[in-house]
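S.K.: just a sequence and a predicted model for now, questions to come.
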Amino acid sequence: MVSKQLDRISREIERVWDTDRGAIPWDETTLRRLNDGLSDLIAETDSQLEEWQLEVDARQELQQRILCALPEAERMKRLWWNEQHAFYADLVERMDRHFNYDESASVTFSMTTLEVLFLVRLLIEEGVIQTETLRPVFRYLSRYGHTERHSKLSYDSLKKRYSLRHEGSRKKVKQILMNLIRRIDQGLPRG
């Protein structure tokens, strides 16, 4: 959403800048188009921020009313705290999606999903990727990752398959890593 609009504006700026036909490419029409695009984006973002603020304000008022009357039963308290967690997790997810998600961005792995997960597991266990939870890894892969066989990777499927041991995946990832080591030994091409 926002990232896609920013990318479009950025590409327009670079396109105008790269247009060198012996004249200065900036003119009133170009500047108006860029300013209008940025103003529209700011207005949309401001409107979204106001909507989220209303949600947080309403949630805060609800919390103040319920906290002073929260039942002593542990089960009810647990339900209440679970609901608070769900609210915050959902809001942060929506905010992240609004600012960062670009449905046209993708990365295609020439590996199977199990091979990708095995490689990710190795990277995490060796400390190359450092994360407190696997959620951001699975979220990234499900949003932007594809394999040659699957155009969309499911978050839930990635979670379920992450711990699976698959001998074929282990062998394939080992071969890929050996090939990478060979390339490092040969020296990467400059450029």
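M.R.: Great, that's in hand. Numbering: from 1, shown residues only.

S.K.: so what's the residue count around the nearest residue to R161 once chain neighbours are set aside?
M.R.: Excluding its sequence neighbours, the residue lying closest to R161 (C-beta to C-beta, 6 or more residues apart in numbering) is L117, at 5.9 Å. Placement of C-beta: from N, CA and C, glycine included. Number of residues near L117 (other C-beta atoms under 10 Å) recorded here: 25.

S.K.: which residues touch L117?
M.R.: Shown in contact with L117 (C-beta atoms under 8 Å, 6 or more residues apart in numbering): 158, 161-162, 164, 169.

S.K.: which of those residues are buried? Put it as a ChimeraX command.
M.R.: With 16 or more other C-beta atoms under 10 Å as the burial test, the buried ones among the contacts of L117 are selected in ChimeraX as follows:
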select :158,161,162,169
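
S.K.: lowest pLDDT pick from the contacts of L117?
M.R.: Lowest pLDDT within the contacts of L117 is found at L164 (86).

S.K.: which strand or helix spans the residue nearest the centre of the chain?
M.R.: Closest to where the C-alpha atoms of the chain average out (C-alpha atoms, centre = their mean) is Y140, at 4.8 Å. Assigning secondary structure by DSSP states H and E places Y140 in helix 135-144.

S.K.: for that helix, name the packing helices and strands.
M.R.: helix 113-125, helix 155-161 (3 or more C-beta pairs under 8 Å, 6 or more residues apart in numbering; DSSP states H and E).

S.K.: M178 versus the residue nearest to R161, what's the distance?
M.R.: 19 Å (C-beta to C-beta, to the nearest Å).

S.K.: please apply the same query to Y162.
M.R.: 24 Å.

S.K.: now Y140
M.R.: Y140 is 26 Å from M178, by C-beta to C-beta.

S.K.: and for M111?
M.R.: Applying C-beta to C-beta to M111 and M178 gives a distance of 15 Å.

S.K.: so these two - more neighbours on which side?
M.R.: Using other C-beta under 10 Å, the more surrounded residue of M111 and M178 is M111, with 18 against 10.

S.K.: stretch 184-191 - what's its average pLDDT?
M.R.: Taken as a whole, stretch 184-191 has a mean pLDDT of 78.

S.K.: return it as PDB; C-alpha atoms alone will do.
M.R.: Output of stretch 184-191 as PDB, limited to C-alpha atoms (Å, rounded to 0.1, in the frame of the first residue of the first chain):
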ATOM      1  CA  ILE A 184      33.900 -18.700  -2.700                       C
ATOM      2  CA  ASP A 185      37.100 -20.700  -3.200                       C
ATOM      3  CA  GLN A 186      37.100 -19.800  -6.900                       C
ATOM      4  CA  GLY A 187      36.500 -16.200  -6.100                       C
ATOM      5  CA  LEU A 188      33.300 -14.400  -6.900                       C
ATOM      6  CA  PRO A 189      33.300 -12.400 -10.200                       C
ATOM      7  CA  ARG A 190      33.700  -8.700  -9.700                       C
ATOM      8  CA  GLY A 191      30.900  -6.400 -10.300                       C
END
